[in-house]
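A.B. asks: build me a model:
(chains A and B)
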Amino acid sequence: MRIVATDCGSTTTKAILIEEKDGVFRQTFRGEAPTTVEEPFADVTLGVANSVTELQELSGYKLIADDGTIIRRKSAADADGCDLYISTSSAGGGLQMMVAGVVREMTAESAKRAALGAGAIVMDTIASNDRRKPHEQIQRIRELRPDMVLVSGGTDGGDTKKVIEIAELIAPARPRPRFGGEYKLPLIFAGNKEARQTIERVFSGEGFALSVVDNLRPTLERENLGPARERIHDVFLEHVMAHAPGYDKLMTWANAPIMPTPGAVGDILQTIAKGRGINVVGVDIGGATTDMFSVFGGVFNRTVSANLGMSYSISNVCAEAGMDSVLRWVHLDMDERELRNRVKNKMIRPTTIPQTLEALVFEQAVSREALRLAYIQHKSFATTLKGVQQQRTVGDAFSQKEAGGSLVDNMALDLMVASGGVLSHAPRMEQTALMMIDAFEPEGFTEIAKDSIFMMPHLGVLASVNPRAAMEVFEKDCLVVLGWCIAPRGEVRAGRPAFDFTLRRANEVVAQGQLIGGEMRLVRFVHGEIGMLEVRPERGLDMGAGPGKPVTREVRGGAVGIVLDARGRPLKLPTSAVERRVCVEKWLKALEVYE
Amino acid sequence: MAKAYTPGLKVTARTTYRVRRLLPVSGDVRVKVGDSVSAETVVAETFLEGDVFPIKVAGMLSVNPSELMPLMLKRAGDAVQVGDALARSKGIFGMMKTEAKSTAAGTLESISESTGMVIIRGAKTPVQVRAYVAGKIIEVIANEGVVVETDALFVQGIFGVGGETWGPLMVAGKSHTEDLLEEHIDASMKGAIVVGGARMTAGGIRRAREVGVAALICGGIDDADLRDVLGYDLGVAVTGSEKIGITLLVTEGFGDIAMAKRTFQLLLAHVGKMASVNGATQIRAGVMRPEIAVPLGEASSGEIFTGGATAGILDIGTPVRIIRDPHFGLLGSVSALPEQPAVLGSGSKARVLEVALESGQRVTVPRANVELVGD
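C.D. replies: Modelled structure (predicted):
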């Protein structure tokens, strides 16, 4: 079997070839070409054909026909062509949506979750209690140029008035679609089913293409995001993609519906989390935005931090985090005025790359802050349902988590997956590992990996047509295991023992020792090695089994190895600039980050 | 193949410049093909739909939404003034009637029996589109706008703030390497497009705003000074709608940096002519750079430029500007294009090129860190 998959990004179209050899699926070649959605080409398929032509040249298989289309094999005996072609797309700024609900923390938040999970960028969330006056809400709706609108509100059988009120604000505001003045703006209603008839009347005028799906919050205690998400994907294909140049042709080429890129990434991470029974956090840090994905206890969440990125938005990261926060990760002398100008120069010339070590150190410091802020946003969004009434007995008053508490638990986190330029293209894997550890502050035992060549979108779509192929390629070719971070939760005391460790391979002790509070150490443990790591934390420090309790777990080797982190959680850096610099320098040296 | 594509900024002594001037919504075009226009000529106009004001009338009368209709004193389509009674309750035995008064003026658009909400649509607001550059109308797009064409000196900047403006071109200071200081600005520059040399200083910007300069054009600006002008730290480079009373445009970047000598000389040669400037910058997909156009008279059938990003081929001898430290802002020409990637000081591997700087020194930089200069 031979599979061609493409991801049409805003600037680059990436193609990969997946082949089944000896019963195992492997990714064998990759190619890329500039995306051709915008003028003067205005046809996405040209970029697709160019990227696949690169695959053709590298693999030796003829994949592109003379008319520029992708060749299909009639049987496995055919030398040329592929058996399956699939694609994702984020070209033209991806899918941009406006969502609305009645209560910001309840139906509006569920609607936002549905839109984000489908791979959209949520431009704004309108709710009855969003602290804006109705005319301000209308003004905002008029300014937005969304690709589609999702309206929710009310539980089934509950009050209809509030959700109709929201609809009556949106209808006269007549938001205009981003593309094509003449096409109707798709609007999905996923609210109280009792309100459907009135909603149909409210949006019956010109300008809206209304579709109705099951309520995404049928009861306060239950979210039902599936129908809304599926409808978003359908509308994305029927309306948004159909108006993007060349997509009508691309859709006829593909064997599976074209998915928004982040939606596909979310799908593959969910597949992995389910398949391995683990909790996962994935991040894709780009030039303009940072996408964060998590699966905890089987619940998937995605957030997009719209203005946290490493080039277009680098200035915003520095403004939001504050230059002091960025510079705390830097161990070299840097002039703040010059740095501020450099940040702005990167913002206006986003394609430049760091040439000097100093420039690299600074960019990696910015990335820590971008990731940290994006993770904070993600944690506050990935919560249990708010507004759920809880009945508590005296017995469970202490154990039951508060409604609306974050699902993200760093101690329960098993795997972190890094992707995006600054993480994927760091000259040393140790740099990627430390950026992830500093930004996410994982606790207990956490495996760290990176997406080798940003293949997750392709595999996300592939999972919908051939899950086995997607899983095999993900494990063997997509993920590059960097290693493990071992860190106790709790406050450490500088200069006092934090934990002891013993690493065994087949009952033979490979490494052992003691970590002092504030210390970091790297134990090289290469890819392919499997060992048992026993960690014995001091009193008050928790490695996952409770304060002071030892933990023994299997660990796999990786490109970096095992990072033992005795800095404590939450991570606190010394307040004195001199002491902080000494510490940072010590950590960088211990992990051989810039050597 | 010792060639590569790289982005660049357009700086050209003469080009046929075309600009589309479109209404945000359909309306009337006021000129016809062949008309000569000045920057100020209104080429198209329309009315934007008025603002929407929702009023919860049923709530104001304490009645159910379904009972509202018979109580309404105004109907859909009626004109409404602030304070007009929209509806009146029945009261008790005809007494103690309550009135719901309008808080907005406009036309009553709809009455909802589901929510008891009345929508008032405000008066339409007029929108005019001006020609922006002096030239000839070469195309009319029915109900939308026009295309204006002119032969012009054209300079793309790297970054700007503030929107479209126009005025006579003037020069402050003596050379492209001189910072624009407070003392370079005087009252005669009111309404002018003023060209400075290197960095526009905080004092220079302040004085220019006091005097009423239409636009300032310099090589660079300090981040801290931009923050002072805007009143906030700019997070993403999407600009053009700032209301700061002046348009600022830099040709090279942030920091102490001289304007490219050629750019300065080209502008200097046209002092006194009317220039059009737009500071709007959008560094996203569909990139938009700020620009200066100085119309030079009738259009000729030369090269046509319609704005947007430009790119060209890097070759031996191609003039380039280095756009990243440690050689930020230096100009030179490509002297070698090695095929193989090289390991940089940062430890990354990247494709590089060698630049012969104006000083005669040769430096190796990543290909991503240069941009084309010139036509």
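A.B. asks: quick one: residues contacting B:Thr150.
C.D. replies: B:Thr150 sits next to B:Thr16, B:Tyr17, B:Val133, B:Ala134, B:Gly135, B:Lys136, B:Ala293, B:Pro295, B:Leu296, B:Gly297, B:Ala299 when contact means C-beta atoms under 8 Å, 6 or more residues apart in numbering or on different chains. C-beta here means a position set from N, CA and C on the backbone, and glycine is covered the same way.
A.B. asks: and the residues you listed as a markdown table, adding pLDDT and neighbour count?
C.D. replies: Shown next, in a markdown table, are the contacts of B:Thr150 (pLDDT from 0 to 100; neighbours: other C-beta atoms under 10 Å in any protein chain shown):
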| residue | pLDDT | neighbour count |
| --- | --- | --- |
| B:Thr16 | 91 | 19 |
| B:Tyr17 | 92 | 27 |
| B:Val133 | 96 | 26 |
| B:Ala134 | 96 | 24 |
| B:Gly135 | 95 | 29 |
| B:Lys136 | 95 | 17 |
| B:Ala293 | 96 | 28 |
| B:Pro295 | 95 | 25 |
| B:Leu296 | 92 | 19 |
| B:Gly297 | 74 | 12 |
| B:Ala299 | 52 | 19 |
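A.B. asks: looking at these, which is nearest A:Gly444?
C.D. replies: Nearest to A:Gly444 among the contacts of B:Thr150 is B:Ala293, at 61.8 Å by C-beta to C-beta.
A.B. asks: can you list the helices and strands that the helix or strand harbouring that closest one packs against?
C.D. replies: In this structure, B:Ala293 sits in strand B:291-297 according to DSSP states H and E. Using 3 or more C-beta pairs under 8 Å, 6 or more residues apart in numbering or on different chains; DSSP states H and E as the contact test, the elements touching strand B:291-297 are strand B:11-22, strand B:145-156, strand B:274-278.
A.B. asks: rank those strands by pLDDT, which is bottom?
C.D. replies: Ranked by mean pLDDT, the helices and strands packed on strand B:291-297 end with strand B:11-22 at the bottom, a mean of 90.
A.B. asks: paired strands for the following helix or strand past it, with orientation please.
C.D. replies: Using DSSP H and E, the helix or strand that follows strand B:11-22 in sequence is strand B:28-29. Here strand B:28-29 has these sheet partners by DSSP bridges: strand B:42-48 (antiparallel).
A.B. asks: A:Asp7 touches A:Pro260, doesn't it?
C.D. replies: No - contact criterion C-beta atoms under 8 Å: A:Asp7 and A:Pro260 do not qualify, at 10.5 Å.
A.B. asks: show me where the stretch 201-350 of chain B has its strands.
C.D. replies: Taking DSSP state E, counting those that start in this stretch as the criterion, the stretch 201-350 of chain B carries its strands at B:215-221, B:247-254, B:274-278, B:291-297, B:304-305, B:310-314, B:319-322, B:331-336, B:342-343, B:349-350.
A.B. asks: dump the fourth one to CSV, keeping only the CA atoms.
C.D. replies: The C-alpha coordinates for strand B:291-297 follow below in CSV (Å, rounded to 0.1, in the frame of the first residue of the first chain):
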residue,chain,number,x,y,z
GLU,B,291,4.4,53.0,1.0
ILE,B,292,5.3,56.4,-0.5
ALA,B,293,4.2,57.2,-4.0
VAL,B,294,5.2,60.5,-5.7
PRO,B,295,3.2,60.9,-8.9
LEU,B,296,5.4,62.1,-11.8
GLY,B,297,2.8,62.9,-14.4
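A.B. asks: show me how far that strand is from its chain's centre.
C.D. replies: 16 Å (C-alpha atoms, centre = their mean, to the nearest Å).
A.B. asks: excluding chain neighbours, what is closest to residue 255?
C.D. replies: Defaulting to chain A. Nearest residue to A:Asn255 in three dimensions, chain neighbours excluded: A:Leu84, at 5.2 Å (C-beta to C-beta, 6 or more residues apart in numbering or on different chains).
A.B. asks: um, chain B though
C.D. replies: B:Gly255 sits nearest to A:Asn341 (C-beta to C-beta, 6+ apart), 3.9 Å away.
A.B. asks: equivalent analysis for B:Val82, please.
C.D. replies: With C-beta to C-beta, 6+ apart as the criterion, B:Val82 has its nearest non-adjacent residue at 5.1 Å, and that residue is B:Ala105.
A.B. asks: ok, that neighbour - contacts?
C.D. replies: Applying C-beta under 8 Å, 6+ apart to B:Ala105 gives the contacts B:Val80, B:Gln81, B:Val82, B:Ile120, B:Gly122, B:Ala123.
A.B. asks: ok, and the closest non-adjacent residue to the second one?
C.D. replies: The shortest distance from B:Gln81 to any residue other than its chain neighbours is 5.1 Å, reached at B:Ala105 (C-beta to C-beta, 6+ apart).
A.B. asks: residue 350: neighbour count?
C.D. replies: Picked chain A for this. A count of neighbours around A:Pro350, defined by other C-beta atoms under 10 Å in any protein chain shown, yields 19.
A.B. asks: look at chain B instead
C.D. replies: Per other C-beta under 10 Å, the neighbour tally for B:Ala350 reads 19.
A.B. asks: pLDDT score for it?
C.D. replies: 88.
A.B. asks: and for A:Tyr183?
C.D. replies: Looking at A:Tyr183, its pLDDT reads 71.
A.B. asks: what does the one 10 residues further on give?
C.D. replies: In this model, A:Lys193 is scored at 95, pLDDT.
A.B. asks: what about the strands in the stretch 301-450 of chain A?
C.D. replies: All strands of the stretch 301-450 of chain A, identified by DSSP E, counting those that start in this stretch, fall at A:415-419, A:444-451.
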